[in-house]
Structures are given as structure tokens and as C-alpha cells.
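Colleague: next one to model:
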Amino acid sequence: QVQLVESGGGLVQPGGSLQLSCRASGSSFRVSTMGWYRQTPGNQRELVASITKESTNYAESVKGRFTISRDNAKNTVYLQMSSLKPEDTAVYYCTATIRRLTATWRDYWGQGIQVTVSS
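Modeller: A predicted model of the protein is given here:
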């Protein structure tokens with residue numbers, strides 16, 4: 001079994017910063033792409049940022065403000081969020097494309113973590 005566990009969410013004032021972390025844990029697995037999505041009530045989940053071992057990809061709305069990185073040895077992905085705006089308020093979900101043993105690659109999701117930007 002593989003699990004993604006997120007941490008680091010919470011309440012922050014506009015203009016502030018916050019870092020999210022997500023670690024994949026389990027046994028006998030390999031990780032490919034990792035990323036973060038977010039969702040607000042009544043809306044579809046949207047991609048925030050993703051990272052492979054060679055490149056990163058960002059939503060236009062967060063470019064220049066958010067930075068995604070990963071520690072491959074720890075199977076952990078980070079999302080450093082700066083210059084936060086009220087419209088960044090959402091539940092953030094970690095995702096990773098993982099293969100266990102000889103199985104096929106599939107996407108795993110974290111449980112979601114609340115980020116609230118408010119004064």
C-alpha cells in the first residue's frame with residue numbers, strides 16, 4: 001500500500017507565505033511525476049504545479065509566486081507559496097504517479113489540506 005500524507009496548510013494573511021509538504025510512504029514503489037492540485041467549493045480540481053525529475057509546470061495564476069520542488073530520496077514534494085492572495089484559498093491535494101513492484105503506473109492522491117488566505 002502507498003499513501004500520500006500532506007502537511008503545512010493553515011491560515012495566512014494576504015501577502016504571506018506558506019509551504020506545503022507531501023510524502024509518499026509504503027514499500028516497493030517508484031515515483032514519477034508529483035504535483036499539487038487545488039479545489040474550491042463548486043469548482044473542479046485544478047492543477048497548481050507539477051514536477052518530474054527533469055522539469056516543472058505551473059498554472060498561470062501561480063507563476064512567479066509558487067515554487068514546486070522535490071526530494072527524491074525522501075519521496076517528498078514541496079510547494080512553497082509566496083505573495084498569497086485570497087483567491088488562493090482552497091483545499092490543496094498532493095498527487096503522485098507511482099508504480100508498485102511490477103504493477104502499472106497509477107495516480108495516487110493525498111487526503112487534501114486546507115489553505116486559507118484571509119486578513
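
Colleague: measure the spatially most central residue of the chain to Val2 for me?
Modeller: The centre of the chain sits closest to Trp36, judged by Cα atoms, centre = their mean, with a distance of 2.8 Å. Note on Trp36: its distance to Val2, by Cβ to Cβ, to the nearest Å, is 17 Å. Where C-beta positions appear, they are placed from N, C-alpha and C, glycine not excepted.

Colleague: test my guess that Val5 contacts Leu20.
Modeller: No - with contact defined as Cβ atoms under 8 Å, Val5 does not reach Leu20; the gap is 11.4 Å.

Colleague: quick one: which of these two has more around it?
Modeller: Neighbours were counted for Val5 and for Leu20 using other Cβ atoms under 10 Å; Leu20 has more, 23 against 14.

Colleague: and Pro86, how many neighbours does it have?
Modeller: Pro86 has 11 nearby residues by other Cβ under 10 Å.

Colleague: and the residue nearest to it when sequence neighbours are not counted, how many neighbours?
Modeller: Computed as Cβ to Cβ, 6 or more residues apart in numbering, the closest residue to Pro86 that is not its neighbour in sequence is Val117, at 5.0 Å. Using other Cβ under 10 Å, Val117 has 19 neighbouring residues.

Colleague: from Ala49, how far off is Val117?
Modeller: 17 Å.

Colleague: please apply the same query to Tyr92.
Modeller: Tyr92 is 10 Å from Ala49, by Cβ to Cβ.

Colleague: before we move on, what about Arg70?
Modeller: When Arg70 is compared with Ala49 (using Cβ to Cβ), they lie 11 Å apart.

Colleague: what about these two, which has more around it?
Modeller: More crowded of Arg70 and Ala49, by other Cβ under 10 Å: Ala49, with 23 against 20.

Colleague: what's the helix or strand for that one?
Modeller: strand 46-51 (DSSP states H and E).

Colleague: neighbouring strands - and their directions - for that strand?
Modeller: strand 29-39 (antiparallel), strand 56-58 (antiparallel) (DSSP bridges).

Colleague: in that strand, what's buried?
Modeller: Buried residues in strand 46-51, counting neighbours by 16 or more other Cβ atoms under 10 Å, are found at Val48, Ala49, Ser50, Ile51.
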